[in-house]
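1. Structure for this input, please:
(one chain, ligands or ions: 1)
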Amino acid sequence: MKEKIEEMKKNAKAKIQDIKSLQELQDLKVKYLGKKGELTLMLKGLGSLAAEERPKIGSMVNDVRKEIETLIEQTEKTMKRKVLEQRLQKEKIDVTMPSNNIALGSVHPITQIIEEVKDVFLGMGYQVVDGPEVEKTYYVFDQLNTPIDHPARDLQDTFYITEDVILRTQTSSVQIRTMENQKPPIKMICPGAVYRSDTPDATHSPLFHQIEGLVVDNNITMADLKGTLEMFVKNCLGPTTKIRFRPHHFPYTEPSAEADVSCFVCGGKGCRVCKNEGWIELLGCGMVHPKVLENCGIDPKEYSGFAFGFGVERIAMAKFGIDDLRLLYENDVRFLKQF
Ligand code: DAH
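-> Predicted structure coming up:
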């Protein structure tokens, strides 16, 4: 019996030292110490021994049991620590490793100009409004004093959706929408896309952007228009920029003017951008035609207003030295990220 116990102890120890996983250890625990384990069965079998043998063998079995229990416990501890260490090793993060490059986009030059202009006008108390690009001819032409037989309609090659729905050719339509919906005082700008059926080349695109401006209140005069535009060009194009006005014609303003600015690339000396003229044609403007005010339910005897509109691409091209309009729409990031 004694030898059997010694043998079992030796065996158990060897097996415990040999285990490769916690599961194996658990299996050994059951094999020796479980309800039907070898040691448990041995204790149960003590009854069949001679009475004087029983206590000796009994305490021997108990000692072995304790020994094996302790050994299993210790092995379990070491094993668990080892497993944890392996896991920590595997999950170790090298904080000094360079990260994956995340490419950052850049703000499109057109958006940059629009944001700058918005900033200047918001600073002067204007609201920024939006309007539909698919628009009724009523808003783009009729209400702007440009009836069906008016020659000004021929000046703009219009994309027609139906007979009286078009892609707007100018943001001036938003003047009408604003005046129909709001009472004076009105101070608004409207940036947005416009469409004309032009063949694309270095200076033409069937889609481009305009910013429209409108002020209606008591006693608004041409002097307010000039002062406002001067403030705008100095803020957006540089503090030394000069502005000049030339008489012009628009059906929705009376009087009407076109404004040029001193070339903000060469300062007026003459360069490639201003075609050696020293001036760049910038915008159309004028005093809102009394008929247009009337069309929108605003009494021209009580109120007057000024309006202006200009192309965003033209400013972006001059400001950033871009010589082909098409580059702005090709979305080549190598081009776009230069600005
Ligand atoms: N709508 C004109 C254009 O597309 C620009 C313009 C001129 C807007 C005079 C105005 C204005 O508001 O008063 O060329």
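2. residues touching the residue lying closest to residue 289 once chain neighbours are set aside, list them.
-> Leaving aside its sequence neighbours, residue 289 sits nearest to residue 254 (CB to CB, 6 or more residues apart in numbering; 4.8 Å). The way it works is simple: take the backbone N, C-alpha and C, and place the C-beta from them, glycine included. Shown in contact with residue 254 (CB atoms under 8 Å, 6 or more residues apart in numbering): 286-287, 289-290.
3. now, which of those sits nearest the ligand?
-> Taking CB to the nearest ligand atom as the measure, the ligand lies nearest residue 286 of those, at 4.7 Å.
4. so the closest one touches residue 304, yeah?
-> No. Using CB atoms under 8 Å, residue 286 is not in contact with residue 304, being 11.3 Å away.
5. Between these two, which has more neighbouring residues?
-> residue 286 (24 against 21; other CB atoms under 10 Å).
6. which residues touch the more buried one?
-> So residue 286 contacts 225, 248, 250, 252-257, 306-308 (CB under 8 Å, 6+ apart).
7. ok, and which of those reach the ligand?
-> When CB under 6 Å from any ligand atom is applied, the members of the contacts of residue 286 adjacent to the ligand are 250, 253, 307-308.
8. per-residue confidence for residue 314?
-> Looking at residue 314, its pLDDT reads 90.
9. From the ligand, how far out is it?
-> Distance of residue 314 to the ligand, computed by CB to the nearest ligand atom, to the nearest Å: 11 Å.
10. picking up where we left off before, can you put the ones next to the ligand among the contacts of residue 286 in a markdown table and add secondary structure and neighbour count?
-> Below are these laid out as a markdown table (DSSP: H, G, I helix; E, B strand; the rest coil; neighbours: other CB atoms under 10 Å):
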| residue | secondary structure | neighbour count |
| --- | --- | --- |
| 250 | strand | 22 |
| 253 | strand | 25 |
| 307 | strand | 25 |
| 308 | strand | 23 |
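11. Restricted to helices, list the contacts of residue 254.
-> Of the contacts of residue 254, the ones assigned to helices by DSSP state H are residue 290.
12. which residues does residue 251 contact?
-> 144-146, 150, 152, 289.
13. what ranges of the stretch 151-300 of the chain fall below the confidence cut-off?
-> 152, 154-156 (pLDDT under 70).
14. of all of it, which residue lies closest to the ligand?
-> residue 284 (2.6 Å).
15. That residue is in what secondary structure piece?
-> Under the criterion of DSSP states H and E, residue 284 resides in strand 279-288.
16. Partner strands of that strand, with direction?
-> strand 253-262 (antiparallel), strand 304-311 (antiparallel) (DSSP bridges).
17. how far does the first one sit from the chain's center?
-> If you compare the mean C-alpha spot of strand 253-262 with that of the full chain, they lie 37 Å apart, counting by CA atoms, centre = their mean, to the nearest Å.
18. Tell me how far the residue nearest the centre of the chain lies from the ligand.
-> Centroid-nearest residue in the chain, with CA atoms, centre = their mean: residue 105, separated by 9.0 Å. To the ligand, residue 105 is 30 Å away according to CB to the nearest ligand atom.
19. For that residue, which residues are in contact?
-> 333, 337.
20. That one belongs to a strand, doesn't it?
-> No. Using DSSP: H, G, I helix; E, B strand; the rest coil, the assignment for residue 105 is coil, not a strand.
21. From residue 333, how far off is it?
-> Distance of residue 105 to residue 333, computed by CB to CB, to the nearest Å: 8 Å.
22. where does this structure come near the ligand, residue by residue?
-> For the chain, the contact set with the ligand under CB under 6 Å from any ligand atom comprises 170, 172, 212, 250, 253, 284-286, 307-309.
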